[in-house]
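Undergrad: Sharing a sequence plus its predicted fold:
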Amino acid sequence: MKINKLSKLYGIGVGPGDPELLTLKAYRILKEVDMIVAPKSREDKRSLALLTIEKIIKERENELIVVEPVFPMTKDQEKLDYYWKKAREEVLEKGKGCETMAFVTLGDPSMYSTFYRFLEIFKDAVDGVEVIPGVTSFSSCSSIAKVPIAEGNEVVSIVPDVKGNKNAVQVIQSSDSLIFLKPKNTEKIENMLGNKKAILGVKVGFKDQEMFIGKLSEIKEKTHYLATLIVKKEEEE
Ligand SMILES: C[S@@+](CC[C@H](N)C(=O)[O-])C[C@H]1O[C@@H](n2cnc3c(N)ncnc32)[C@H](O)[C@@H]1O
C-alpha cells in the first residue's frame, strides 16, 4: 500500500477516565487533529480512552476521522502480528489525506500503554512525533483516597503481573509502597505482605467507579481488570 505520510503523530494520555483530568494541551490537540485513533481490546468493546474524550469529539465543528483498531490482550505473537498489520492498514486507508493524528490511551502513554507499540508499527508513516502525558490510574486512586503513594525516601514499585516477572517477588518484598495493576488475587498479595493498608480503585473516573480504602483482608472480590491496588507497608495489623 502506498503510504500517505502524516506530518505529526501525537501520543495522548487522556487520564484514567474522568474527562476533567485531561491536560489543556491534550484538549487543544484533540480539538485540532484530523484523525483520532483509539485502541480497543476486542471487536465488541468500546475504547475507554475514546469514551473519556467523547464530549470533546461532540463539541468539534471541523471534520474528524475516528478509527478504533483492535489491539488484543494476548501474548500470542502470531495473533498480535495479524492485528497490528490490520490496524496499520485500517489507519492508513482511513487516514488518506490527513495531516495530523492523535493516538489516545488511558492514563499516561509511558505506562504500559499500546502507544509505543503503535509507534513502532507506524513510524515510517509519520514525519514528527509528540507525546502528551496523562494522569495515571494510580495517582488518581491516591488522590481520591487522600493517601500519598510515597513520602520521604520510601521506595515505590509498580507490579503489572506478579507471575509474569521473575523479579516481582523480590520487588514486592523490598518496596515500601506497591502499586498492583489489574490485581489477579488480593488474597495471595495478603499472604505475601500481611494484612496491610490497601486502596483499591475500580474503574476510577468512570460513572461506575468504586473505591475501597481499608485492609487487604477486607477486599471482597479477589480479581479485577480495570482496577489499581495500592498497598502501603508502613501500617501493621
Ligand atoms: C494497560 S495498563 C494502562 C495503564 C495506564 N496507561 C495508566 O497510566 O494508568 C491497564 C491497567 O491500568 C489500570 N487502570 C487504567 N485505568 C484505570 C482506571 N480508570 N481505574 C482503575 N485502574 C485503571 C488497571 O490496573 C488496568 O489493568
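TA: Yep, that arrived.
Undergrad: Mind listing what's buried along the longest helix along the chain?
TA: The longest helix of the chain (DSSP state H) is helix 77-94. Applying a neighbour-count criterion of 16 or more other CB atoms under 10 Å, one finds 83-84, 87-88, 91-92 buried in helix 77-94. Quick note: C-beta positions are derived from backbone N, CA and C, even for glycine.
Undergrad: and if you look at stretch 40-52?
TA: Result for stretch 40-52 [16+ other CB under 10 Å]: buried residues 40, 47-52.
Undergrad: Domain-wise, how is the chain divided?
TA: 6-132, 137-232 (automatic domain parsing).
Undergrad: The ligand is nearest to which of the ones you listed?
TA: Closest approach to the ligand among the domains of the chain (CB to the nearest ligand atom): domain 6-132, 2.1 Å.
Undergrad: Excluding sequence neighbours, find me the nearest residue to the residue nearest the centre of the chain.
TA: Geometric centre of the chain, nearest residue: L106, 3.7 Å, by CA atoms, centre = their mean. Excluding the flanking residues, the one nearest L106 by CB to CB, 6 or more residues apart in numbering is A49, at 5.0 Å.
Undergrad: Is the one you found in contact with T105, as I believe?
TA: Yes. Shown here, A49 and T105 form a contact pair, counting by CB atoms under 8 Å, at 5.6 Å.
Undergrad: Find the residues that touch each one of those two.
TA: 14, 39 (CB atoms under 8 Å, 6 or more residues apart in numbering).
Undergrad: if I read this right, M73 contacts S41, doesn't it?
TA: Yes. In this structure, M73 is within contact of S41 by CB under 8 Å, at 5.2 Å.
Undergrad: which bits of this structure sit near the ligand?
TA: 16-17, 105-108, 111-113, 136-137, 181-182, 201, 203-205, 225-228 (CB under 6 Å from any ligand atom).
Undergrad: again, only using 5 Å
TA: For the chain, the contact set with the ligand under CB under 5 Å from any ligand atom comprises 16-17, 106-108, 111-113, 136-137, 181-182, 201, 204-205, 228.
Undergrad: among the residues you listed, which two are most distant?
TA: Greatest spatial distance among these (CB to CB): S113 and G201, at 17.7 Å.
Undergrad: And the helices in this structure?
TA: Using DSSP H, helices in the chain cover 24-32, 48-52, 54-59, 77-94, 115-122, 137-145, 168-174, 186-193.
Undergrad: Which residues are in contact with L51?
TA: Per CB under 8 Å, 6+ apart, neighbours of L51: 17, 206.
Undergrad: Distance-wise, check it relative to A145.
TA: The spacing between L51 and A145, counted by CB to CB, to the nearest Å, is 23 Å.
Undergrad: and if you look at T223?
TA: 21 Å.
Undergrad: repeat for N4
TA: 47 Å.
Undergrad: What is the distance between stretch 191-200 and the centre of its chain?
TA: 24 Å (CA atoms, centre = their mean, to the nearest Å).
Undergrad: What are the contacting residues of it?
TA: By CB under 8 Å, 6+ apart, stretch 191-200 touches 141-142, 145, 147, 169, 172-173, 178, 183, 186, 190, 210-219, 224, 227-237.
Undergrad: In strands, which of those appear?
TA: Mapping those onto strands (DSSP state E) picks out 178, 210-215, 227-232.
Undergrad: where does this structure dip in pLDDT?
TA: Residues of the chain meeting the criterion pLDDT under 70: 1-3, 222, 235-237.
Undergrad: ok, Q209 touching G201?
TA: Yes. Counting by CB under 8 Å, G201 is a contact partner of Q209 at 7.3 Å.
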